[in-house]
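Enquirer: Dropping the sequence and predicted coords here.
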Amino acid sequence: MTSTTDQHITDPQAFLLDLYRAAVQDAQPQYSMAKCLPAPPKGRTVVLGAGKAGGSMAQALEALWPADAPLSGLVVTRYGHIPPRPEGLAQRIEVVEAAHPVPDAAGLAAAERILALTEGLTEDDLVLCLISGGGSALLTLPAEGISLEEKQRINRALLESGAAIGEMNCVRKHLSRIKGGRLGAACAPARVVTLTISDVPGDDPSVIASGPTVPDASSCADALAILARYRIEVPESVRSALQAGALETPKPGDARFAGHEVHMIATPLQSLHAAARVAEAAGLRAHVLSDEIEGESREVAKVHAALARAVARHGQLFARPCVILSGGETTVTIRQRPAGTPKGRGGRAGEFCMGLAQALQGQERVWALAADTDGIDGVEDNAGARVSPDTLLRAQEQGMRIAEYLDRNDAYGFFDALGDLVVTGPTHTNVNDFRAILVL
């Protein structure tokens, strides 16, 4: 029997895209920054920042900060992620671009300039730090004895290893001169207020962008254990420095962080609830599973598929029609490919969608969309992909075997051929993975 809600949703994929847009819109900084801003100080106000949302955060601050109060600084964001400037909004904060997810010379130069801006600060000054996901790669300043090329190699190895974001950032902190609280410590004795958009499970500010402005509880020993776990090689000089504790980060209780404030202005959970409200307004039940889901994308997809099948076939756990929402940060371990095999393209969201489609096996009444809220899934030009009951059938008609595409991590190639990529362009925010499954 078809419900009234079923009849109202004539285009399931357009509906799911509306949910994604609601999640992204809720994470735009102009809607939540004002309540977190302190009053202008007696001295200077210096703005420092890094992340995929850096450009939009800088513009939001420029719009909200009193016009007669001094404001200056430098923020680094990803190439192509500076939003159009609103008419009449004067630029007071410099925004530069660099590479992500693998750092480049532009990011190195920006990090050097940002750290230099902390020189000469006094207790009368205020430092506003704008931090969002992606800042780990964008704010790259390798520790002594590590070249940019070596840092790039280690970063690639971490990205391909399947390590969780907290593990990757633990290593990044200890191989940096600016992350892991070092930027915050360098600002002393000025007052520091960090405004952050979370892209990590649990919203831990010490993990977001590798926590450049907050103390770090992890250790050199932790970083060494992670490198060993994923068999990532580092120069012997670096290994020795880690073993000796010479690359240790500032710890909780460090007096240089006294009086520092951290405000979370947007989080994955808030965005999931924004999408849920849109679904409920359309007459659907909305179920937010979690904003902290981690693990291999294809394995996470299997669990989501089992839940969707239970709802679609038996009305178990949740009654249909409904929407199942989740977020977090899954991982993709790059498989070794036989010589001559085409290199796969894609990211976490696309890999999730391939795993979901394979596990659903054409299940009727189930549609899905998975996308990164920054608008870029991995390093391609798509935000993610979508799945329909006929995804596998259409692939078979084109002679494509989904297992082969999964084997080479080629989500982009698979969904591009089907016309099922989700392409939005940069969204100028970042609250990480967004997944929505519609069961009618």
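Expert: Sure thing, it's come through. Numbering: from 1, shown residues only.
Enquirer: Only C-alpha atoms from now on, for both contacts and neighbour counts.
Expert: Noted.
Enquirer: Val46 belongs to a strand, doesn't it?
Expert: Yes. With DSSP: H, G, I helix; E, B strand; the rest coil as the criterion, Val46 is located in a strand.
Enquirer: and it, what is it in contact with?
Expert: Counting by CA atoms under 8 Å, 6 or more residues apart in numbering, Val46 makes contact with 71-73, 117, 125-128.
Enquirer: Now Asp407: phi and psi?
Expert: Phi and psi for Asp407, reported as degrees, to the nearest 10, are phi -60, psi -30.
Enquirer: tell me the pLDDT at the nearest residue to it once chain neighbours are set aside?
Expert: Nearest residue to Asp407, sequence neighbours excluded (CA to CA, 6 or more residues apart in numbering): Arg335, at 7.0 Å. Note for Arg335: predicted pLDDT of 74.
Enquirer: number of nearby residues for Arg335?
Expert: Residues within reach of Arg335, counting by other CA atoms under 10 Å, total 13.
Enquirer: Check Leu89 too.
Expert: By other CA under 10 Å, 11 other residues sit near Leu89.
Enquirer: The residue nearest to it when sequence neighbours are not counted sits in which helix or strand?
Expert: Nearest-residue entry for Leu89: Ala63, 6.7 Å, with adjacent residues in sequence omitted and distances by CA to CA, 6+ apart. If you go by DSSP states H and E, Ala63 is part of helix 54-64.
Enquirer: Can you name every helix or strand that that helix contacts?
Expert: The contact analysis (3 or more CA pairs under 8 Å, 6 or more residues apart in numbering; DSSP states H and E) places helix 54-64 against strand 72-78, strand 94-98, strand 126-132.
Enquirer: Just checking: what are the partner strands of the host helix or strand of Leu195?
Expert: Under the criterion of DSSP H and E, Leu195 resides in strand 191-197. Partner strands and pairing direction for strand 191-197 (DSSP bridges) are strand 126-132 (parallel), strand 261-266 (parallel).
Enquirer: Same list, these, but as JSON lines with mean neighbour count and distance to Ile376 please.
Expert: As requested, these are exported to JSON lines (neighbours: other CA atoms under 10 Å; distance: least, CA to CA, whole Å):
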{"stretch": "strand 126-132", "mean neighbour count": "27", "distance to Ile376": "15"}
{"stretch": "strand 261-266", "mean neighbour count": "18", "distance to Ile376": "18"}
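Enquirer: Tabulate the ones you listed (JSON lines), appending mean pLDDT.
Expert: What follows is those, written out as JSON lines (pLDDT from 0 to 100):
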{"stretch": "strand 126-132", "mean pLDDT": "98"}
{"stretch": "strand 261-266", "mean pLDDT": "97"}
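Enquirer: Could I get the ones you listed in TSV, plus columns for distance to Ala98?
Expert: Converted to TSV, those look like this (distance: least, CA to CA, whole Å):
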stretch	distance to Ala98
strand 126-132	14
strand 261-266	23
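Enquirer: looking at those, which is closest to Ala185?
Expert: Of all the strands paired with strand 191-197, it is strand 126-132 that lies closest to Ala185, at 11.6 Å by CA to CA.
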